[in-house]
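Trainee: quick one, what's the 3D model for this:
(one chain, ligands or ions: 3)
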Amino acid sequence: MSILHSSLSNNYYYAYLIVIYTGSCICLWKLLYGCITGLTHRTIVTVRYAYRTELTFWCRQSVSVYMADPKRQEYKTMVESTISVIKADIGSLAGHVIVPDFIMELARKHLRTGIEQKIINDFYVTNAGDDLELIMVHNKGEGNSDVHRLAWDTFMDCAKLAREKKIYAAGQDMLTDTFSGNVRGMGPGSAEMSFEERKSEPIAIFMADKTEPGAFNLPIFRIFADPFNTAGLVIDPNFHSGFKFVVQDVQKEVPCYVEMQCPEEMYDLLALIGSTGKYVIKRVYRKDGMVAASISTDKLHNIAGKYIGKDDPVAIVRGHSGLPAMGEILEGFTLGHLVAGWMRGSHVGPLLPVSLKYSRCTRFDGPPRVIGLGFQISNGQLVGPVDLFDDIAFDNVRQQAMVFVDYLRRHGPFMPHRLHETDMEYTTLPSVLSKCESRFTSEEIGPTGVVKDTSEHHE
Ligand code: F6R
Ligand code: MG
Ligand code: MG
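Mentor: Numbering: from 1, shown residues only. Ligands and ions are numbered 1, 2, ... in the order given. Below is the predicted model of the structure:
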């Protein structure tokens, strides 16, 4: 019933219940009447007949109500569904650890209003460490101002509550007070994807904390271009010809993109996306144009002009039926690969794939983590989620990553555990370095004064 309910608008759902209920009442009444007037063989036959015809009639009626549901009609003519994942760090508990439950509850309340106002169809709210994640489905297309305003207002209200409760770093990512039509460039990060729903539409949403958008370069490359990761690249004729990657230069003030085909331009693609702080995979398409992945590329520190937290990224990946299978998608996260971020956004560490339960950065504010939620998009609604990394199959990845955590931590402030200073332009390091800078001189510095040998000689 809940599936039915989710696929029917409220009014039609109630109309559907009323016809079923009325039909059943009439049949029961006829049966009762037959019993009162004496149960002759003839009565039983009449009642059985009536029951059968009534039931058939009412069932037909209710099916036609179901079929006439406007939402259903809408999807029969294949309206595009849009998934918008919009996130922001609006304050977190006990430092930069988790989003408190009462903030997430407030976010849910806002998004429920969004459904009532017909801005979105469905939503799911969660946290990736200290980031509040709004997963929304609607039919308004990407970059829609109503949807973005809903997310913006939600974040603003949550930040207000965070301030009232003196939650740490309240309103951290909200860089302006006024909304200008889209959250882009205003602090929050977003990934969006629109498509006509296939017969069945499985998707995975990945949300990371204490790292940057380039952290998804390696897994996305492996999923869509590496035959050692994705068996389908070799054996599924639907995507045997490969994928197209749209790469963004995130260091350019004005967004700048290039498209590369794989496998044809694989080495060129790798030449770019190996520089994870500069070139970020923004989208992936199948060769025929079918959208397969969308990744947030918002660079928070570029907007703020100073370090106010990493641009913890999100990614939407579509799976199966001519695209990589869910298992091939998840296989992309089995290296625990090194990413930039972690403590003060200034360190390199392995990306841990974790369940929602462990979506909290603790040790040295990390290690950087990624959660994965699996959904089915069904007639514009979200069915799910399944907590994709909540599986012992990822235990080894996590354990191996923790071996590297210990090893890296022993380097303390030394590179390459600490990022290169050019990657820390927007952190607090430059102000420390500038104090040292003025003390540099072109003269070689030698010892001053006369050195006396004060050691005791025992000859
Ligand atoms: C990294 C992050 C944390 C903070 C660190 C210092 O993205 O959020 O590692 O940088 O905890 O926090 P502040 O500067 O708020 O004292
Ligand atoms: Mg924070
Ligand atoms: Mg964060």
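Trainee: residues contacting the residue in the stretch 101-250 of the chain positioned nearest to ligand 2?
Mentor: Residue nearest to ligand 2 within the stretch 101-250 of the chain: Asp130 (3.7 Å; C-beta to the ion). C-betas here are computed from N, CA, C, even on glycine. Neighbouring residues of Asp130 by C-beta atoms under 8 Å, 6 or more residues apart in numbering: Asp89, Gly91, Ser92, His96, Val97, Ile98, Val99, Ala169, Asp209, Cys361.
Trainee: and the third one, how far from Asp157?
Mentor: Taking C-beta to C-beta, to the nearest Å as the measure, Ser92 and Asp157 are separated by 16 Å.
Trainee: between the two, which one's more packed in?
Mentor: Ser92 (27 against 16; other C-beta atoms under 10 Å).
Trainee: can I assume the more buried one is in contact with Gly171?
Mentor: No. Under the criterion of C-beta atoms under 8 Å, Ser92 is not in contact with Gly171, lying 11.3 Å apart.
Trainee: interface residues of this structure facing ligand 1?
Mentor: Residues of the chain found near ligand 1 (C-beta under 6 Å from any ligand atom) are Gly95, His96, Ala169, Lys210, Gly309, Lys310, Met343, Arg344, Gly345, Asp365.
Trainee: what about the closest residue in space to Gly341 that isn't next to it in sequence, how many neighbours?
Mentor: Distances taken as C-beta to C-beta, 6 or more residues apart in numbering put Thr211 closest to Gly341, at 3.6 Å, once the chain neighbours are dropped. Applying other C-beta under 10 Å, we find 27 other residues in the vicinity of Thr211.
Trainee: just the pLDDT for Glu196.
Mentor: As predicted, Glu196 sits at a pLDDT of 96.
Trainee: can you pick out the most distant pair from the contacts of Asp130?
Mentor: Across these, the longest distance by C-beta to C-beta is 14.9 Å; it joins Gly91 and Cys361.
Trainee: how close does the nearest residue to Ala215 once chain neighbours are set aside sit to Met193?
Mentor: For Ala215, ignoring the flanking residues on the chain, the nearest one in space by C-beta to C-beta, 6+ apart is Val339 at 4.0 Å. Using C-beta to C-beta, we find Val339 at a distance of 23 Å from Met193.
Trainee: do the same with Ile371
Mentor: 18 Å.
Trainee: higher neighbour count, these two?
Mentor: Using other C-beta under 10 Å, the more surrounded residue of Ile371 and Met193 is Ile371, with 27 against 24.
Trainee: quickly list what the more buried one is bridged to.
Mentor: Taking DSSP bridges, one obtains Met207 as the residues bridged to Ile371.
Trainee: surely it touches Val354?
Mentor: Yes. Under the criterion of C-beta under 8 Å, Ile371 makes contact with Val354 at 6.1 Å.
Trainee: intersection of neighbour lists for these two?
Mentor: With C-beta under 8 Å, 6+ apart as the test, Ile371 and Val354 both reach Phe389.
Trainee: what about the nearest residue to Met424 once chain neighbours are set aside, neighbour count?
Mentor: Ranked by C-beta to C-beta, 6+ apart and with sequence neighbours excluded, the top spatial neighbour of Met424 is Ser346, at 5.5 Å. Here the count is done by other C-beta under 10 Å, and Ser346 has 20 residues near it.
Trainee: about what we covered before: report the secondary structure state of the residue nearest to Ala215.
Mentor: Three-state assignment for Val339 (DSSP: H, G, I helix; E, B strand; the rest coil): strand.
Trainee: gap between the closest residue to Cys256 other than its chain neighbours and ligand 3?
Mentor: Distances taken as C-beta to C-beta, 6+ apart place Asp249 nearest to Cys256, at 4.5 Å, with adjacent residues excluded. Distance of Asp249 to ligand 3, computed by C-beta to the ion, to the nearest Å: 23 Å.
Trainee: who does Asp249 form a beta bridge with?
Mentor: Tyr279.
Trainee: how about the contacts made by it?
Mentor: Cys256, Tyr257, Val258, Lys278, Tyr279 are the contacts of Asp249 under C-beta under 8 Å, 6+ apart.
Trainee: top of those by number of neighbours, please.
Mentor: Tyr279 leads the contacts of Asp249 on contacts (other C-beta under 10 Å) with 22 neighbours.
Trainee: wait, that residue touches Val247, no?
Mentor: Yes. At 5.2 Å, Tyr279 counts as touching Val247 under the criterion of C-beta under 8 Å.
Trainee: spit out the residues that contact those two alike.
Mentor: Contacts common to Tyr279 and Val247, judged by C-beta under 8 Å, 6+ apart, are Leu272, Ile273.
Trainee: give me the neighbour count for Gly143.
Mentor: Quick note: Gly143 (other C-beta under 10 Å) scores 15 neighbours.
Trainee: that one: what's its closest spatial neighbour, skipping adjacent residues?
Mentor: Asn182 (5.7 Å).
Trainee: is it correct that the one you found is in contact with Asp146?
Mentor: No. Using C-beta under 8 Å, Asn182 makes no contact with Asp146, being 11.0 Å away.
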